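Colleague: Give me the fold of what follows.
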Amino acid sequence: MLGSAAAACHWARVTATTDSPTSPLQIADYRRFWLARFLAVFATLSMVVLVGYQTYDVARADYGMGTRDAAFMLGLLGFAQFLPILLLTPVAGVVADRFDRRRVVLCANVVDCCIALALAVSTHLDALTLPLLFTLAASHGAARVFNGPALSAIAPNIVPPALLPRAIALSSIAWQVGTVIGPAAGGLLFGHSNSLPYYLSAGLLLVSGMLISTVRPMRAKHEGPPAHPLRQITDGFRFVAGERFLLGCITLDLFAVLLGGATAMLPVFARDILHVGPEGLGFMRGAPAVGAALVAARLSFRPFESNVGVKMLWAVVAFGIATIGFALSRNFALSLLLLAALGAADMISVYIRSSLVQLNTPDDKRGRVSAISGLAISASNELGELQSGLAAGLLGATGAVVFGGVGAIVITALWAWIFPELRRARTFSPKYLPEDSGEEQKA
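Modeller: Have a look, this model is predicted:
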């Protein structure tokens, strides 16, 4: 890796060129990266949402469970996805920092493609059982743990630091638009043919993998030969633990969303509270992404430039308030609006946190730090589903979601006090500069 002074000279020299890009979309590699991300999110979110609905439906219809017991099965489904993430995250981070990140993403996509095909065949044959659904969910978690760090570490290498916040916002648009269209399309296709959305997911995952393979090679830069894998794992955790700013960013998401996530209970609200079925579930699952996509579109043109830490904290508070409102709503339209508000607030938090983490991590550690960040996100999502399932067993679905929203607000207040570095973050000024990026490439 270049030293900080050399890197600064490098970027000053590159910026002076007449063909320097002013938008990430002017970089061909980034356009392929963006499309690959969109297709993968479309495919996997469509698949995951339907797996949740089918798990709840199978528990109710085939196993004769009541609403609370079936809701608890959704919590166990989240835990089944999280367990391989917990066990494999250290390995996944090292893999992203030692090998070609494109190939890692491709392999993960192939595994997810096989899972989608297994779901398609099992659904068509009416052979779904809870153990099979849990097994396939765990397999998806294993694929995702390798995909996330490698994919997250690609963007900082193909765009210059000055454009990275915009690139993250545009990447979030790909994620959020895929999150809107994928579950909605999956729900509609499921109503027509219950195996069709899984076949579609399998095809899109293959196309996504081929697109990411066309991006130029993405291997992390190291000073000398890479250290032993166990040493790399230790160094990654030590680096995050020693950087209070990074630790605060990562753990804020972990604990706030761990408590505040409402998505695990959406099948319960769709089937037994709002009575809108799988089609309504698709729209409910996509509503947060609508709000998030609108915010991401705005941020891609006008990114935040000041007081970014305070804005991140207030966004998490707004997330908690919207979560409470959704739990108490019994009107489908109002519920969709509150879910969209929840997604908009979460997008602000994710955008700021992702930009700060990426710009404050050296490239040779980005895979490992992204893996640790991904572990926190997965813990907040999948363990959040387990927490929601447990809480629903005690409080019911509504009580569980209200409890989570209040918890997210309390956690934010605590983190603002424990990690004053978050409140003091003013701008996205990068602490580390990558050795090269796509800025030097022509579109």
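
Colleague: Show me what the helix or strand hosting residue 410 is packed up against.
Modeller: Residue 410 is part of helix 384-418, with elements assigned from DSSP states H and E. Applying 3 or more C-beta pairs under 8 Å, 6 or more residues apart in numbering; DSSP states H and E, one finds that helix 384-418 contacts helix 67-98, helix 244-260, helix 308-328, helix 420-424. From N, CA and C alone the C-beta is placed, and that goes for glycine too.

Colleague: and that helix, how far from the chain's centre?
Modeller: 19 Å (C-alpha atoms, centre = their mean, to the nearest Å).

Colleague: Repeat that for stretch 172-192.
Modeller: Counting by C-alpha atoms, centre = their mean, stretch 172-192 comes out at 15 Å from the chain centroid.

Colleague: cool, and stretch 245-257?
Modeller: 14 Å.

Colleague: What of stretch 108-126?
Modeller: Distance, centroid of stretch 108-126 to centroid of chain: 21 Å (C-alpha atoms, centre = their mean).

Colleague: then that stretch to CSV, C-alphas only?
Modeller: Output of stretch 108-126 as CSV, limited to C-alpha atoms (Å, rounded to 0.1, in the frame of the first residue of the first chain):
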residue,chain,number,x,y,z
ALA,A,108,-21.2,-17.4,-3.6
ASN,A,109,-23.7,-16.7,-6.4
VAL,A,110,-23.4,-20.2,-7.7
VAL,A,111,-24.2,-21.6,-4.3
ASP,A,112,-27.2,-19.4,-4.0
CYS,A,113,-28.3,-20.5,-7.4
CYS,A,114,-28.3,-24.1,-6.3
ILE,A,115,-30.3,-23.2,-3.3
ALA,A,116,-32.9,-21.5,-5.4
LEU,A,117,-33.2,-24.5,-7.7
ALA,A,118,-33.6,-26.8,-4.6
LEU,A,119,-36.4,-24.6,-3.4
ALA,A,120,-38.1,-24.5,-6.8
VAL,A,121,-38.1,-28.3,-7.1
SER,A,122,-39.2,-28.9,-3.5
THR,A,123,-42.0,-26.3,-3.8
HIS,A,124,-43.2,-27.8,-7.1
LEU,A,125,-43.3,-31.3,-5.6
ASP,A,126,-45.0,-30.0,-2.4
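
Colleague: if I read this right, residue 119 contacts residue 46, doesn't it?
Modeller: No: contact criterion C-beta atoms under 8 Å: residue 119 and residue 46 do not qualify, at 10.7 Å.

Colleague: Which residue of these two possesses the greater neighbour count?
Modeller: Higher neighbour count among residue 119 and residue 46: residue 46, with 30 against 27, using other C-beta atoms under 10 Å.

Colleague: Distance of that one relative to residue 203?
Modeller: Using C-beta to C-beta, to the nearest Å, residue 46 is found at 12 Å from residue 203.

Colleague: Same check on residue 299?
Modeller: Relative to residue 203, and taking C-beta to C-beta, residue 299 is found at 31 Å.

Colleague: Of these two, which one has the most company?
Modeller: Legend: neighbour count by other C-beta under 10 Å for residue 299 and residue 203, higher for residue 299 (22 against 14).

Colleague: So which other helices or strands are in contact with the helix or strand that contains that one?
Modeller: Assessed by DSSP H and E, residue 299 sits inside helix 277-301. Judged by 3+ C-beta pairs under 8 Å, 6+ apart, the packing partners of helix 277-301 are helix 28-61, helix 164-192, helix 266-268, helix 332-359.

Colleague: Using TSV, lay out the ones you listed together with distance to residue 245 and mean pLDDT.
Modeller: Shown next, in TSV, are those (distance: least, C-beta to C-beta, whole Å; pLDDT from 0 to 100):
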stretch	distance to residue 245	mean pLDDT
helix 28-61	26	89
helix 164-192	16	79
helix 266-268	34	81
helix 332-359	7	84
